[in-house]
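Asks: Got a sequence here, can you model it:
(one chain, ligands or ions: 2)
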Amino acid sequence: MGKVKIFDTTLRDGEQSPGVSLNIEEKLEIAHQLAKLNVDVIEAGFPIASDGDFAAVRAIAKEVEGPVITGLARATKRDIDRAWEALKFSDKPRIHTFIATSDIHMEYKLKKTPEEVLESAVEAVEYAKGYVKDIEFSAEDAFRSDKDFLCKLFTAVIEAGATVINIPDTVGYATPQEFGKLIKYIRENVSNINEVTISVHCHNDLGMAVANSLAAVENGAEQVECAVNGIGERAGNTALEEVVMALNTRQDYYDELSDITLKEIYKTSKLVSSLTGMSVQPNKAIVGKNAFAHEAGIHQDGVIKERTTYEIMDAQIIGLSENKIVLGKHSGRHAFKERLTELGYKLEGENLNRTFKRFKELADKKKKITDRDLEALVEDEIHTI
Ligand code: KIV
Ligand code: ZN
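Replies: Numbering: from 1, shown residues only. Ligands and ions are numbered 1, 2, ... in the order given. Sure thing, here's the model as predicted:
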């Protein structure tokens, strides 16, 4: 098995977080940063959902190079046509089509029989294949679906031309053991599974999206779908930074890593939180304000003697470095703004002026201004706007 592919859905499922709405420039800025982070796939949006989403997917497909660019489409010709209209400008386009496969969804939402769902899925993949080779098919609510129906449907959509099979835990109901078992079952019972990439897409309703994704990797999943800072519908999606660092910190165990450029992680997290307005909780793993902070005297003492006594990761790996330029009361506005940009913040005009003034006041009282101090100043500013 090769490296785990990272499929980023910050701009699609992530943007489905309640209250979040990104404009086209903001989406482009995030997409460029995701390309720097070196994700394998960017899900840029859901083109049929709105004209704005369509325009953003098209702009990303035109401008952003490196990753595969995909857009979501229900299993209908109209959705697929619209997705292709936006995606066709990319060098590496993928159509991502989906239909629900659980009894609950088929009966109450789709009002279709399993046979009708299977037929729609196959037709959608065949139709999308008329546009492009790379087709991802997702069985929405796969984890709560009948597993033999799921296997039958996957076998059929692979025959129809799907290149990636995605297995979502749409409502975040699985535990790692259960989810791992399902992936193994699918691998063993879909005869043509070796022709495609196996992908997983977990939601975090019980706080287990990352653990479930890792259990899936142990059982043969090759692509993990995730969002920066774990944003997304309800309790969110698998957090990209957590899954990547879990793989990275135990490479001997998984013996596969991702291609992510780790030093871009922190900056990406900051950019996403400042543009979405969704702040990161202080104790959030990897990118939270306290993730590398030591409060207890015993811990501080240990870390000073030897960092690895209380740290399993070096903060510098994710791009969180000590100031190279030490900011203090003599620092100018330019150096100040520069450092904020490096930390992933974009402050302009009055916001920048006010924050710079407060920085000077703080620098008068404190010799060395750390990145943490700067973050606190900016977060204060953002939250008082
Ligand atoms: O959660 C889900 O099932 C999804 C699919 C559309 C992939 O987001
Ligand atoms: Zn989802």
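Asks: so where is the stretch 1-150 of the chain shaky, pLDDT-wise?
Replies: 1 (pLDDT under 70).
Asks: mind listing the strands in it by residue range?
Replies: Remark: strands assigned in the stretch 1-150 of the chain by DSSP state E, counting those that start in this stretch are 5-8, 41-45, 68-74, 93-100, 135-140.
Asks: Can you tell me which of these is most buried?
Replies: strand 41-45 (a mean of 30; mean count of other CB atoms under 10 Å). The C-beta positions use only the backbone N, C-alpha and C, and glycine is treated the same way.
Asks: touching ligand 1 at all, it?
Replies: No. Counting by CB under 6 Å from any ligand atom, ligand 1 has no neighbours in strand 41-45; the shortest distance is 8.7 Å.
Asks: and that strand, what does it pack onto?
Replies: strand 5-8, helix 24-37, helix 51-63, strand 68-74 (3 or more CB pairs under 8 Å, 6 or more residues apart in numbering; DSSP states H and E).
Asks: Could you list the residues in contact with the shortest one?
Replies: Right, the one you point to is strand 5-8. By CB atoms under 8 Å, 6 or more residues apart in numbering, the residues outside strand 5-8 that reach it are 34, 37, 39-43, 67, 70, 197, 199, 201, 222-228, 240, 243-244, 258-260.
Asks: repeat for the third one
Replies: The contact list for helix 51-63 (CB under 8 Å, 6+ apart) reads 11, 22-24, 27-28, 31-32, 42, 44-48, 69, 71, 82-83, 85-90, 93.
Asks: Now it: buried residues?
Replies: Neighbour counts over helix 51-63 (16 or more other CB atoms under 10 Å) mark 53, 54, 55, 56, 57, 58, 59, 60, 61 as buried.
Asks: and that helix, C-alpha only, in PDB?
Replies: Written as PDB, here are the backbone C-alpha positions of helix 51-63 (Å, rounded to 0.1, in the frame of the first residue of the first chain):
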ATOM      1  CA  ASP A  51     -24.300  30.500  -8.500                       C
ATOM      2  CA  GLY A  52     -21.700  31.500  -6.000                       C
ATOM      3  CA  ASP A  53     -20.600  28.000  -5.400                       C
ATOM      4  CA  PHE A  54     -20.500  27.300  -9.100                       C
ATOM      5  CA  ALA A  55     -18.300  30.400  -9.700                       C
ATOM      6  CA  ALA A  56     -15.900  29.400  -6.900                       C
ATOM      7  CA  VAL A  57     -15.500  25.900  -8.100                       C
ATOM      8  CA  ARG A  58     -14.900  27.200 -11.700                       C
ATOM      9  CA  ALA A  59     -12.300  29.700 -10.500                       C
ATOM     10  CA  ILE A  60     -10.500  27.100  -8.400                       C
ATOM     11  CA  ALA A  61     -10.500  24.700 -11.300                       C
ATOM     12  CA  LYS A  62      -9.000  27.400 -13.500                       C
ATOM     13  CA  GLU A  63      -6.400  28.700 -11.200                       C
END
